[in-house]
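Engineer: starting from these lines, generate the structure:
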Amino acid sequence: MIIDARQITDRELRGSIAIIGGGAAGITLALELGKQFKDVLLLESGGLDLEPDTQKLYDGDVIGHDTAALETARLRFFGGTTNHWEGKCAPLDAIDFERLLGRPYSGWPFTLDELIPFYKRAYSYCEIGPFRTTSAIVDRAQAAVKQMAESPDLVATEFRYSPPTRFGERYRADLRASDNIKVCLHANVIDIAVADGGREVASVAVQTLSGVKFQVKAAAFILCCGGIENPRILLNCNRFFPQGIGNQNGLVGRFFMDHYEVYGASIVPDHENFNYEPLAYHYEGATRASVALMNPPDVVRREGRAGCSVIMDLEFNVSEQLQKAQKSAAYRAFQQLARNARMGGVGHALATQGCTALGDLGSIATILSDRAMAALGHKAGLKSITLRLEGEQLPNPDSRVELIDGVDALGMRKCGLDWKVPADDRNNLYQTALTLAKAVGATGFGRMVMPMKSVDDDSTIGTSFHHMGTTRMHGDPKQGVVDRNCAIHGLANFYVAGSSVFPTCGRVNPTLSIVTLAIRLADYLKTKVNA
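Structural biologist: Numbers count the residues shown, from 1 in each chain. All right, here's what the predicted structure looks like:
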């Protein structure tokens with residue numbers, strides 16, 4: 001069921017497990033745990049839609065490298081940041097889990113193989129088809145990649161695209177219908193009470209912006225509020241532990257990572273007889289997929305290097321009429337209707353999308369006609385390949401989330417983000433781009449424009465809004481906040497889920513791995529917590 005905490009009159013709620021945060025991790029945990037436990041509580045700060053007063057609770061300062069304002073980089077309502085994610089999905093690479101020579105903060109407490117069974121289940125939650133260890137679209141694209149830029153330092157890889165799955169919308173009906181799960185909207189955790197000599201959490205204090213207060217007691221608690229809010233909550237809750245919960249070694253909030261993004265690179269081809277079709281988007285059943293380039297493991301292991309993906313978008317020489325049609329609201333509505341049909345449904349906005357599409361049938365006809373001509377062999381010439389580099393950030397203890405002066409409407413101290421962009425990370429982006437530029441020139445395919453002017457140029461480096469690493473996982477409490485089962489070191493019943501537990505971030509977007517780790521944690525708790 002779904003209830004509004006502003007209407008709660010009880011001073012205390014009880015459950016087997018209390019989940020704090022209703023994003024991808026929290027919703028996945030609730031659905032998985034609801035299969036076994038009859039009284040799962042999910043506490044969500046926001047409502048079903050964006051509300052300015054609740055969103056304002058995310059206000060904070062950007063102290064380090066320039067990035068998006070903290071209030072706009074995340075979404076604080078049911079479904080969390082999946083409400084605006086792009087949907088790009090790929091599992092982490094095996095090398096991301098390795099402890100690499102000369103990198104003291106590298107490695108996970110387990111290997112990729114241990115996560116594969118959970119990735120298989122996560123693919124279903126993210127609606128990206130079945131899990132496979134091989135990629136048919138990568139196999140088909142090999143010849144085109146070699147013709148464009150043959151280099152052993154860049155290899156083809158695959159990304160799949162979720163519809164994208166808006167977790168708060170997609171799984172709302174399941175949660176509303178469940179007798180085993182109670183979702184409490186507008187429920188903000190403002191304090192965490194520790195008992196048993198500091199060895200377990202006894203309860204959490206909850207307050208709404210309207211002033212309703214109550215306690216939540218459970219056998220186990222899971223914090224799932226994201227890579228910035230997780231450490232902020234732990235640092236604010238300092239009644240028992242003066243430095244904050246889980247912060248006995250000063251690690252909460254440290255090792256903040258994001259994926260670097262560099263826009264503006266492009267390849268202008270000189271080739272006229274280039275079969276670009278294998279590099280375009282493809283559908284495998286209902287799932288959209290594309291080919292990208294990546295740094296292979298031997299490059300990642302080199303000093304000053306790390307993971308990096310190169311996303312390729314093809315641009316064609318098309319008429320002004322076709323360009324206008326491709327940007328039209330009617331065509332976007334038509335695309336959404338077609339996507340919903342491939343997924344086996346009509347979607348939530350059939351009437352609105354249908355009317356929008358019908359309002360400009362000329363644009364849709366222009367595009368369909370162009371596609372028909374292409375199918376008959378009349379293809380537009382390739383104008384350019386727009387590139388986007390998405391680079392891994394190596395874990396750095398000086399890159400951190402910390403509390404600052406000033407409090408929010410609930411009396412919680414605000415936080416600041418001191419995001420660091422060190423030399424090795426800039427070097428990895430620059431060297432990846434330079435490798436591709438040289439490979440394009442060597443094949444004679446064309447010319448590449450590079451936005452980064454030198455290794456020291458960070459003016460073009462932006463953020464991917466992927467907040468990771470601030471409650472990192474490690475078997476040693478002096479090197480991590482949570483253990484291999486996501487339990488905070490020293491607390492028997494308090495867990496953290498989401499990308500804040502990532503020890504390293506790899507080169508791929510985190511949502512699929514967030515869901516994967518949530519499923520893994522749910523399975524562990526099914527054996528750990530008494531119903």
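Engineer: shaky segments in the stretch 251-400 of the chain?
Structural biologist: Where the stretch 251-400 of the chain drops to pLDDT under 70, the residues are 272, 317-327, 331-332, 335-354, 357, 359, 362-381.
Engineer: where do the helices of it begin and end?
Structural biologist: For the stretch 251-400 of the chain, the helices defined by DSSP state H, counting those that start in this stretch cover 297-300, 320-326, 329-342, 350-358, 361-375.
Engineer: same check, this time on the stretch 101-250 of the chain
Structural biologist: Shown for the stretch 101-250 of the chain, the helices assigned by DSSP H, counting those that start in this stretch span residues 112-125, 136-149, 167-170, 172-177, 226-236.
Engineer: so which of the ones you listed comes closest to residue 329?
Structural biologist: Proximity to residue 329 (C-beta to C-beta) singles out helix 167-170 among the helices of the stretch 101-250 of the chain, at 21.0 Å. Glycine gets a C-beta too; all of them are placed from N, C-alpha and C.
Engineer: which helices and strands sit right next to the closest one?
Structural biologist: Applying 3 or more C-beta pairs under 8 Å, 6 or more residues apart in numbering; DSSP states H and E, one finds that helix 167-170 makes contact with helix 24-33.
Engineer: what are the contacting residues of the helix it packs on?
Structural biologist: Contact with helix 24-33 is made by 16-17, 19-20, 22, 40, 42, 44, 79-82, 122, 125, 167-168, 171, 174-175, 181, 183, 222, 224, 497-498, 511, 514-515, 517-519, 521-523, 525-526, as judged by C-beta atoms under 8 Å, 6 or more residues apart in numbering.
Engineer: out of those residues, which sit inside strands?
Structural biologist: 16, 17, 19, 20, 40, 42, 181, 183, 222 (DSSP state E).
Engineer: isn't residue 406 right up against residue 412?
Structural biologist: No: counting by C-beta atoms under 8 Å, residue 406 does not reach residue 412; the two are 10.1 Å apart.
Engineer: list the contacts for residue 109?
Structural biologist: 473, 474, 475, 483, 484, 503.
Engineer: go again with 7 Å.
Structural biologist: For residue 109, the contacting residues are 473, 474, 475, 484, by C-beta atoms under 7 Å, 6 or more residues apart in numbering.
Engineer: export those residues to JSON lines and append columns for secondary structure, neighbour count and pLDDT.
Structural biologist: Below are these laid out as JSON lines (DSSP: H, G, I helix; E, B strand; the rest coil; neighbours: other C-beta atoms under 10 Å; pLDDT from 0 to 100):
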{"residue": "473", "secondary structure": "strand", "neighbour count": "25", "pLDDT": "98"}
{"residue": "474", "secondary structure": "coil", "neighbour count": "20", "pLDDT": "97"}
{"residue": "475", "secondary structure": "coil", "neighbour count": "12", "pLDDT": "95"}
{"residue": "484", "secondary structure": "coil", "neighbour count": "16", "pLDDT": "97"}
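Engineer: could I get the residues you listed as a markdown table with distance to residue 466?
Structural biologist: Below are those laid out as a markdown table (distance: C-beta to C-beta, whole Å):
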| residue | distance to residue 466 |
| --- | --- |
| 473 | 16 |
| 474 | 20 |
| 475 | 24 |
| 484 | 22 |
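Engineer: among the helices of the stretch 101-250 of the chain, which is nearest residue 469?
Structural biologist: When the helices of the stretch 101-250 of the chain are compared (using C-beta to C-beta), the closest one is helix 226-236, at 6.8 Å.
Engineer: from the chain's centroid, how far away is the closest one?
Structural biologist: 17 Å (C-alpha atoms, centre = their mean, to the nearest Å).
Engineer: returning to that earlier point: higher neighbour count, residue 406 and residue 412?
Structural biologist: Here residue 406 and residue 412 are set side by side on neighbour count (other C-beta atoms under 10 Å), and the busier one is residue 412, at 21 against 12.
Engineer: the more buried one and residue 334: what is the separation?
Structural biologist: 45 Å (C-beta to C-beta, to the nearest Å).
Engineer: same question for residue 15.
Structural biologist: Distance from residue 15 to residue 334, by C-beta to C-beta: 45 Å.
Engineer: cool, residue 30 as well?
Structural biologist: According to C-beta to C-beta, residue 30 and residue 334 sit 35 Å apart.
Engineer: tell me which of these two has more neighbours.
Structural biologist: residue 30 (28 against 22).
Engineer: skipping adjacent residues, who's closest to the more buried one in space?
Structural biologist: Spatial nearest neighbour of residue 30, chain neighbours left out: residue 42 (4.6 Å); criterion: C-beta to C-beta, 6 or more residues apart in numbering.
Engineer: one more: residue 509?
Structural biologist: Using C-beta to C-beta, 6+ apart, the nearest residue to residue 509 is residue 88, at 4.9 Å.
Engineer: wait, that neighbour touches residue 159, no?
Structural biologist: Yes: checked against C-beta atoms under 7 Å, the pair residue 88 and residue 159 is within contact range at 5.2 Å.
Engineer: what is in contact with the two at once?
Structural biologist: By C-beta under 7 Å, 6+ apart, no residue touches both residue 88 and residue 159.
Engineer: ok, which of the helices of the stretch 101-250 of the chain comes nearest residue 51?
Structural biologist: Nearest of these to residue 51, taken as C-beta to C-beta: helix 167-170 at 13.2 Å.
Engineer: now do the strands in the stretch 301-450 of the chain.
Structural biologist: 308-316, 382-391, 400-407, 413-418, 446-449 (DSSP state E, counting those that start in this stretch).
Engineer: tell me the bridge partners for residue 181.
Structural biologist: residue 40 (DSSP bridges).
Engineer: OK, contacts around it?
Structural biologist: Applying C-beta under 7 Å, 6+ apart, we find residue 181 in contact with 30, 34, 40, 42, 175.
Engineer: how close does the fourth one get to residue 20?
Structural biologist: The gap separating residue 42 from residue 20 is 8 Å, by C-beta to C-beta.
Engineer: can you check the third one too?
Structural biologist: To residue 20, residue 40 is 12 Å away according to C-beta to C-beta.
Engineer: and for residue 463?
Structural biologist: According to C-beta to C-beta, residue 463 and residue 20 sit 25 Å apart.
Engineer: looking at the two, which one has more neighbours?
Structural biologist: residue 20 (27 against 17).
Engineer: can you pull the domain assignment for the protein?
Structural biologist: With domains defined by automatic domain parsing, the chain comprises 1-127+163-256+467-531, 132-161+260-315+382-391+422-457, 318-380.
Engineer: which of these sits closest to residue 400?
Structural biologist: Among the domains of the chain, domain 1-127+163-256+467-531 comes nearest to residue 400, with 4.6 Å by C-beta to C-beta.
Engineer: gap between that closest one and the chain center?
Structural biologist: The chain centre lies 13 Å from the centre of domain 1-127+163-256+467-531; the measure is C-alpha atoms, centre = their mean.
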